[in-house]
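In: A structural model of the following input is requested.
(4 chains)
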There are 2 protein chains.
Amino acid sequence: MSSRNKSTPVSSLNSDPGHLTRLKTLLAKIRHFENLPSDIREEIAVAATLRHFDAGQVIYLEGEPADAVYLLESGWVKAVRMSREGREQALLFLRDGEVFGDVAAFTGTAYPGTAIALEPVDVWVIPAKNLLDLTAQHSELAMAFIRHMGERVLYYVGLVEDIALRSVEARLANTLLRNAEQHDGILIVPRRSWTTFDEMAVRLGTVRDVLSRALHNLEREKLLEVGRHEIILLDPTGLEKRGSL
Amino acid sequence: MSSRNKSTPVSSLNSDPGHLTRLKTLLAKIRHFENLPSDIREEIAVAATLRHFDAGQVIYLEGEPADAVYLLESGWVKAVRMSREGREQALLFLRDGEVFGDVAAFTGTAYPGTAIALEPVDVWVIPAKNLLDLTAQHSELAMAFIRHMGERVLYYVGLVEDIALRSVEARLANTLLRNAEQHDGILIVPRRSWTTFDEMAVRLGTVRDVLSRALHNLEREKLLEVGRHEIILLDPTGLEKRGSL
DNA sequence: TATTAGACACGACAAAAGTCGTATACAAAA
DNA sequence: TTTTGTATACGACTTTTGTCGTGTCTAATA
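Out: Next comes the predicted model:
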């Protein structure tokens, strides 16, 4: 599935006025970067290039030198780590308005995981060199990245706790609750085309069979209902209880 | 064991000249902070207070608002996360020259884990407010923290991979190799007074019994030898093989 | 020297997670 | 409509991890 064909450079004409305003608009929607002064946003914008990736394409590979930082404009991306035996562990699921690739760029190392587009995706690519310079110059930008990376650390601490201390069932219950949306008063987790059991298993750090069992256990106990296009959370309170086991 | 008695404020006379040079010397030894200009180091130093903790004392608790950042001058500290059932997962083991508590201070949240002194410890305490101000003012300091937090993220990614994808035996082999020291041409992992099987188990995210089994398996296969005061790695190459299983 | 608390060994067992083979259902493509 | 590939179901089984009870050793202390 995951191929590494060349992505389509949609817009590399950095001076194009539409390009600039489009990226500045995106920056205004990104957590920690919303309040950057206009001139800094502009400097970022001129360094950035828009690229498109299709579903399944690799944006960057684990181990590659991190020479770019990515701003996700639309679509979902996952970052995964693979073991030698081929098992996958999801590190992050990213949606529009999220930044990735920054950590390795700032530490000057290789990307710690592989980034794969889960669906057609538009990303802005900023060369690491440019971003490092800008960050060293503008303390607002530096503080934004400090906060951003701080949140990443907190997220990973949570992930460690989840994997180390909780059962698959508990992790599943938590993940479902976190991704639920209100629809007509009931909680629903929408299933996108790429939300297969395999992907969900990777997300929880397990394999399909185990995930399937856990899901059907919860279904048997009337805590939820698995549909083809969504998972209906029948008993959020009950699920929350399971989440801490 | 872990009590929360008041720590001894050893030196709070910030203008004491010995105080200043002592902390500036420490800063010069801390990764990412070695090359800070003298005036910045001085500004940090005047805000800092030296404190002492005895073995087992809690430096801060998970969930407490993060209003200070710590620089570890001597001794070992661990940061752990506890589940409701009382199981512990180690997040970090920290030694002299390491910084901790910074992430939560910068994100303005609560500490994600509990910090406990494993032996008598001297730490410099910097109020979060002061450090935040200094970081916003001095881009060198900001970049230092960006790099520091970046390394933390990379560390946690590794920890996630370890816990999710590797067996206890593999994690054990890796941890031993990472903590080994050369003595007379042989690799030895020294056992400090607090390096009990229980602590080692927490470090690997498991329980004593399981750790004990793994250790004796490796011993039976002549890969290592468990002594009272050290673990001798007889076959580093063999251990490395185990480390990826 | 006698006592005691903590660290560790060991075997039996239980539970969770992972593996495998095979069967079925469905959707997209031919 | 038929074909084909992918997603999922399901039961049997293995391995790994976690739990429990009991017993031994040792170092510190009385």
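
In: now the helix or strand harbouring residue A:142, how far from the centre of its chain.
Out: Using DSSP states H and E, residue A:142 falls within helix A:139-165. Here helix A:139-165 is found 13 Å from its chain centre; the criterion is CA atoms, centre = their mean, to the nearest Å.

In: what angle do it and helix B:139-165 make?
Out: 20 degrees (axes from the mean of the first three to the mean of the last three CA atoms, to 10 degrees).

In: Can helix A:139-165 be said to contact DNA strand C?
Out: No. On the criterion CB under 7 Å from any atom of the strand, helix A:139-165 is out of touch with DNA strand C, staying 9.2 Å away. In short, each C-beta sits where N, CA and C put it, glycine included.

In: ok, then the element right after that helix?
Out: Helix A:139-165 is succeeded, C-terminally, by helix A:168-178 (DSSP H and E).

In: what about that next one, average pLDDT?
Out: Helix A:168-178 shows a mean pLDDT of 96.

In: what sits up against it?
Out: A:162-163, A:166, A:187, A:189, A:200, A:203-206, A:210-211, A:214-215, A:217-218, A:223-224, A:231, A:233, A:236, A:239-240, A:242-245 (CB atoms under 8 Å, 6 or more residues apart in numbering or on different chains).

In: Distance of the residue nearest to the spatial centre of chain A relative to residue A:132?
Out: Nearest to the geometric centre of chain A sits residue A:94, at 1.5 Å (CA atoms, centre = their mean). Distance of residue A:94 to residue A:132, computed by CB to CB, to the nearest Å: 21 Å.

In: related to what we said a few turns ago, now list the buried members of the contacts of helix A:168-178.
Out: A:162-163, A:166, A:187, A:189, A:200, A:203-206, A:211, A:214-215, A:218, A:223-224, A:231, A:233, A:236, A:239, A:242-243 (16 or more other CB atoms under 10 Å in any protein chain shown).

In: Restricted to strands, list the residues you listed.
Out: The strands, defined by DSSP state E, take in A:187, A:189, A:224, A:231, A:233 from these.

In: May I see those residues organised as CSV, with distance to DNA strand D and pLDDT added?
Out: Shown next, in CSV, are those (distance: CB to the nearest atom of the strand, whole Å; pLDDT from 0 to 100):
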residue, distance to DNA strand D, pLDDT
A:187, 20, 95
A:189, 13, 95
A:224, 12, 95
A:231, 10, 96
A:233, 17, 96
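
In: what about the residue lying closest to residue A:206 once chain neighbours are set aside, neighbour count?
Out: Leaving out its chain neighbours, the residue that sits closest to residue A:206 by CB to CB, 6 or more residues apart in numbering or on different chains is residue A:168, at 5.1 Å. Residue A:168 has 19 neighbours, counted by other CB atoms under 10 Å in any protein chain shown.

In: Distance-wise, check residue A:168 relative to DNA strand C.
Out: Using CB to the nearest atom of the strand, to the nearest Å, residue A:168 is found at 4 Å from DNA strand C.

In: repeat for residue A:81
Out: 14 Å.

In: three-state assignment of that residue?
Out: strand (DSSP: H, G, I helix; E, B strand; the rest coil).

In: Look up the pLDDT of it for me, please.
Out: 96.

In: I figured it hits residue A:89, correct?
Out: Yes. Between residue A:81 and residue A:89 there is a contact under CB atoms under 8 Å: 5.1 Å.

In: shaky segments in chain A?
Out: A:1-17 (pLDDT under 70).

In: Alongside DNA strand C, which residues does it contribute?
Out: Residues of chain A found near DNA strand C (CB under 7 Å from any atom of the strand) are A:87, A:167, A:168, A:169, A:205, A:206, A:207, A:209, A:210, A:214, A:228.

In: correct me, but residue A:101 touches residue A:70?
Out: Yes. Taking CB under 8 Å as the definition, residue A:101 is a contact partner of residue A:70 at 4.7 Å.

In: Neighbour count for these two, which is higher?
Out: residue A:101 (26 against 23).

In: what's that one in contact with, if anything?
Out: A:60, A:66, A:68, A:69, A:70, A:111, A:115.

In: likewise residue A:68?
Out: Here residue A:68 is in contact with A:60, A:101, A:105, A:125, A:126, A:127, A:128 (criterion: CB under 8 Å, 6+ apart).

In: now do residue A:98
Out: A:30, A:31, A:71, A:72.

In: can we see that at 10 Å?
Out: A:30, A:31, A:70, A:71, A:72, A:73, A:76, A:77, A:92, A:148 (CB atoms under 10 Å, 6 or more residues apart in numbering or on different chains).

In: same deal with residue A:238?
Out: Applying CB under 10 Å, 6+ apart, the residues near residue A:238 are A:173, A:218, A:221, A:222, A:223, A:224.

In: nearest to residue B:53, of the residues you listed?
Out: When these are ranked by distance to residue B:53 (CB to CB), residue A:173 comes first, at 38.0 Å.

In: So the closest one versus chain B, what's the distance?
Out: 14 Å (CB to the nearest CB, to the nearest Å).

In: one step back: turn the contacts of residue A:101 into TSV, including distance to residue A:50 and secondary structure.
Out: TSV is the format used below for the contacts of residue A:101 (distance: CB to CB, whole Å; DSSP: H, G, I helix; E, B strand; the rest coil):
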residue	distance to residue A:50	secondary structure
A:60	16	strand
A:66	19	coil
A:68	13	strand
A:69	14	strand
A:70	11	strand
A:111	20	coil
A:115	16	strand
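
In: a markdown table for these, including distance to DNA strand D?
Out: What follows is the contacts of residue A:101, written out as a markdown table (distance: CB to the nearest atom of the strand, whole Å):
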| residue | distance to DNA strand D |
| --- | --- |
| A:60 | 23 |
| A:66 | 30 |
| A:68 | 29 |
| A:69 | 30 |
| A:70 | 25 |
| A:111 | 25 |
| A:115 | 19 |
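
In: Tabulate these in a markdown table, adding columns for distance to residue B:156.
Out: As requested, the contacts of residue A:101 are exported to a markdown table (distance: CB to CB, whole Å):
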| residue | distance to residue B:156 |
| --- | --- |
| A:60 | 19 |
| A:66 | 17 |
| A:68 | 22 |
| A:69 | 19 |
| A:70 | 20 |
| A:111 | 15 |
| A:115 | 17 |
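
In: filter these to the buried ones?
Out: For the contacts of residue A:101, buried by 16+ other CB under 10 Å: A:60, A:66, A:68, A:69, A:70, A:111, A:115.

In: and the closest residue to the third one other than its chain neighbours, what helix or strand is that in?
Out: Nearest residue to residue A:68 in three dimensions, chain neighbours excluded: residue A:125, at 5.0 Å (CB to CB, 6+ apart). Applying DSSP H and E as the criterion places residue A:125 in strand A:121-127.

In: what's the following helix or strand after that strand?
Out: Next along from strand A:121-127, by DSSP H and E: helix A:128-137.

In: Check whether that next one comes into contact with chain B.
Out: Yes. Under the criterion of CB under 10 Å from any CB of the partner chain, chain B is reached by helix A:128-137 at A:132, A:135, A:136, A:137.

In: what's in contact with that helix?
Out: Counting by CB under 10 Å, 6+ apart, A:40, A:43-44, A:46-48, A:65-69, A:101-102, A:104-106, A:108, A:126-127, A:141-146, B:139-140, B:142-143, B:146 sit against helix A:128-137.
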